[in-house]
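Undergrad: Have a look; sequence and predicted model below, questions after that.
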Amino acid sequence: MAGNSSLTTSILDQLTALGHKKVVFCNDPDTGLKAIIAIHDTTLGPALGGTRMWTYNNEAEALADVLRLSKAMTYKAAISGLNLGGGKAVIIGDSRKQKTEALMRSYGRFIKNLNGEFVTAEDVGTTTKDMEYIRMETQHVTGVSESIGGAGDPSPITAKGVFYGIKACVKEVYGTDMLAGRSVLVQGIGNVGEHLVELLRKENVDVYISDINEDRLQQVARKYKAKAVDADKIFTTGADIYAPCALGATVNDNTIKKMKFSIIAGSANNQLLDENIHGQKLLDKGILYAPDYLINAGGLINCYSELTGFGKKRTMQLTEHIYEATREVIKLSKMENIPTNLAASRIAEARIAAIKSIKSSY
Ligand code: NAD
């Protein structure tokens, strides 16, 4: 019993430490479903976040992941000006072996019982098809296919948001947001990366690309007249801008040392290995960093549009707003002489606090 009570205390302590409102543990032995839904903050609206299916080593690891990711969603929605809170869910298991219709629909019923406090979408290990199974049980899901009223593939919207983030940074560093003649290195030319390459080439940007998939690399290089770069040379290319669109943590002690870029602005999540250290190192080195969760918010904006019934025009307007939002972050960072990632958090927190205060009056 003592063990159980200390476990309970420690979970609640974790919620308190990160400021979470609620965590729901879902257990359905009939389908094998074991999931955790974390609702971080709902001041601005329902907590929206993807459902990740992953083979965690243990429940503590799954809980730590869902708490961290759901908090990040609160900040992302807030800084993007969306009326959404932050949430996330993880299903513990191997998505290739353990996922069934029954398991996803059972999970959908847990979401249904939250009565709209949590809305989900795709993430690592889940697909549009899975969202459609959830939709059979509840309306509180986005990312279903266009044929049944969904907003479709978010990648082009995400790329567009990154493009506006890059423009805002270029304006700051070069005094104009015209991109022609600038050079950008896009690392990872997957769904988002390729769309970004296309947008940049249309503006006559010199584009360098890198990807571990050699066939794709050569194919995209030919298609857009971009220059393929070997993986071991990327941090020494003379490009003005580095756009990480593959993995997280590529901005770290080792890479910052080598970097000659003026700007870092890309779609990958968690680009800074350590938020507290590497944002400051970039500031010290004079490299302007566009906070990842701000400029890659196009995917979330797409989900928001699906939820609210906004059309493509409104989706694009919200995505274009990433330009202004990035300018605001840069302004605060300069004014206070703080890293841009910290400036972004402060703006997000201020918006949540302001809206919380108006909700206290009836
Ligand atoms: P993707 O899987 O389609 O593309 C990733 C690409 O990166 C692949 O082509 C892969 O071969 C390449 N890659 C992997 N490791 C690499 C390495 N070490 N060096 C170079 N290339 C490497 O993914 P995506 O949907 O294009 O997303 C890209 C990034 O943006 C991810 O970090 C994702 O979490 C983030 N993101 C995506 C969206 C979206 O709408 N798709 C939204 C927000 C954030």
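TA: Happy to help now that I have it.
Undergrad: mind checking how far the residue lying closest to Asp292 once chain neighbours are set aside is from the ligand?
TA: Distances taken as Cβ to Cβ, 6 or more residues apart in numbering place Gln271 nearest to Asp292, at 4.8 Å, with adjacent residues excluded. In short, each C-beta sits where N, CA and C put it, glycine included. Gln271 sits 9 Å away from the ligand, going by Cβ to the nearest ligand atom, to the nearest Å.
Undergrad: what does Leu300 give?
TA: 8 Å.
Undergrad: now Leu12
TA: 30 Å.
Undergrad: What is the burial count for that residue?
TA: If you count neighbours by other Cβ atoms under 10 Å, Leu12 ends up with 12.
Undergrad: still on that earlier bit, does the residue nearest to Asp292 touch Cys245 like I think?
TA: No - contact criterion Cβ atoms under 8 Å: Gln271 and Cys245 do not qualify, at 10.0 Å.
Undergrad: Tell me where the model's unsure across this protein.
TA: 1-9 (pLDDT under 70).
Undergrad: got the contact list for the residue in the chain positioned nearest to the ligand?
TA: Here the chain gets closest to the ligand at one residue, Gly190, 1.7 Å apart by Cβ to the nearest ligand atom. Residues in contact with Gly190 (Cβ atoms under 8 Å, 6 or more residues apart in numbering) are 211, 245-246.
Undergrad: among those, which are within reach of the ligand?
TA: 211, 245-246 (Cβ under 6 Å from any ligand atom).
Undergrad: Which of these ranks first by neighbour count?
TA: Cys245 (26 neighbours).
Undergrad: what's that residue in contact with, if anything?
TA: Each residue near Cys245 by Cβ under 8 Å, 6+ apart is listed here: 162, 186-190, 192-193, 196, 266-268.
Undergrad: Checking the nearest residue to Lys21 once chain neighbours are set aside next. Helix, strand or coil?
TA: Spatial nearest neighbour of Lys21, excluding adjacent residues (Cβ to Cβ, 6+ apart): Ile39 at 5.1 Å. What DSSP: H, G, I helix; E, B strand; the rest coil gives for Ile39 is strand.
Undergrad: Give me the neighbour count for Thr55.
TA: Neighbours around Thr55, by other Cβ under 10 Å: 13.
Undergrad: wait, it sits on Gly93?
TA: Yes - between Thr55 and Gly93 there is a contact at 6.6 Å, judged by Cβ under 8 Å.
Undergrad: Going along the chain, name the strands of this protein.
TA: 22-28, 33-41, 47-54, 85-92, 118-121, 183-187, 206-210, 227-228, 241-244, 263-264, 288-289 (DSSP state E).
Undergrad: between the ones you listed, which gets nearest to Leu217?
TA: Evaluated over these, closeness to Leu217 peaks at strand 227-228, with 5.1 Å, by Cβ to Cβ.
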